[in-house]
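Undergrad: Fold the following for me, if possible:
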Amino acid sequence: MYIDFVSNYVIFSCDQQGLRQTSHVFRITGSVAFFARGHGVKVNRGATVVFPSVEVNHGNGYSATTGLFTAPLEGIYVFHLFYETNFIEDSKLGVAVNGRVVCMGNAQGNYAQGTCSAIVRLRHGDVVNVLAVESSTLTDSGARHGFSGFLLERL
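TA: Just a heads-up that it's a prediction; the model follows:
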């Protein structure tokens with residue numbers, strides 16, 4: 001049996017007998033999710049990396065102008081960062097919550113890739129961003145780096 005989709009109240013599944021309701025679930029009274037892509041950029045140590053091409057911004061928590069995600073709801077959130085460095089240099093980028101790095105990617109070498117993921121508890125108004133732990137240069141292709149996050153559970 002495969003889960004096909006989840007509505008606000010019910011999980012539906014699809015099998016050989018067709019689509020049918022399989023169980024009730026609690027209603028999430030607010031949901032938050034975003035995904036943004038970047039572009040080739042040189043960032044200095046301590047700077048926020050801005051991902052200006054926003055593909056999803058449900059809940060309007062992410063700013064493509066500042067690169068900051070501001071938690072609209074208190075809860076448990078999941079964040080993921082992936083990127084590719086340019087030239088022969090190391091690149092260290094991290095996901096920071098209120099200025100404190102909670103995970104860090106380390107891409108070493110020519111066109112190397114870095115990634116990190118974090119699960120954190122946020123209060124309403126907490127700020128999450130991608131921080132250059134070291135000066136870094138990202139590749140020109142926006143498909144090779146992005147920043148995403150979503151609300152796992154509202155508290």
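Undergrad: And the next helix or strand past the stretch of helix or strand residue 91 belongs to?
TA: Using DSSP states H and E, residue 91 sits in strand 90-97. Once the chain leaves strand 90-97, the next helix or strand it forms, by DSSP H and E, is strand 100-108.
Undergrad: and that next one with strand 90-97, angle?
TA: With axes from the mean of the first three to the mean of the last three Cα atoms, to 10 degrees defining the directions, strand 100-108 sits at 160 degrees from strand 90-97.
Undergrad: and for strand 100-108, what are the contacting residues?
TA: The contact list for strand 100-108 (Cβ atoms under 8 Å, 6 or more residues apart in numbering) reads 79, 81-85, 90-96, 113-118, 120, 131, 133. Where C-beta positions appear, they are placed from N, C-alpha and C, glycine not excepted.
Undergrad: rerun at 6 Å
TA: For strand 100-108, contacts defined as Cβ atoms under 6 Å, 6 or more residues apart in numbering pick out 85, 90-95, 113-116, 118, 120, 133.
Undergrad: How about stretch 146-153?
TA: Contacts of stretch 146-153 (Cβ under 6 Å, 6+ apart): 31-37, 51, 69, 75-82, 130.
Undergrad: Just the buried subset of the residues you listed, written out for ChimeraX, thanks.
TA: To isolate the buried ones among these in ChimeraX, judged by 16 or more other Cβ atoms under 10 Å, type:
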select :32,33,34,35,36,37,51,69,75,77,79,80,81,82,130
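Undergrad: okay, and the helix or strand of the protein with the least pLDDT?
TA: strand 2-6 (a mean of 37; mean pLDDT, DSSP states H and E).
Undergrad: Low-confidence stretches in the protein?
TA: 1-30, 87-88, 141-143 (pLDDT under 70).
Undergrad: Quickly list the domain ranges of the chain.
TA: Following automatic domain parsing, the chain resolves into domains at 1-29, 31-154.
Undergrad: Work out for me the element residue 78 sits within.
TA: Per DSSP H and E: residue 78 is located in strand 75-84.
Undergrad: Give me the helices and strands touching that strand, please.
TA: Here strand 75-84 is seen to pack against strand 90-97, strand 113-122, strand 146-154 when contacts are counted using 3 or more Cβ pairs under 6 Å, 6 or more residues apart in numbering; DSSP states H and E.
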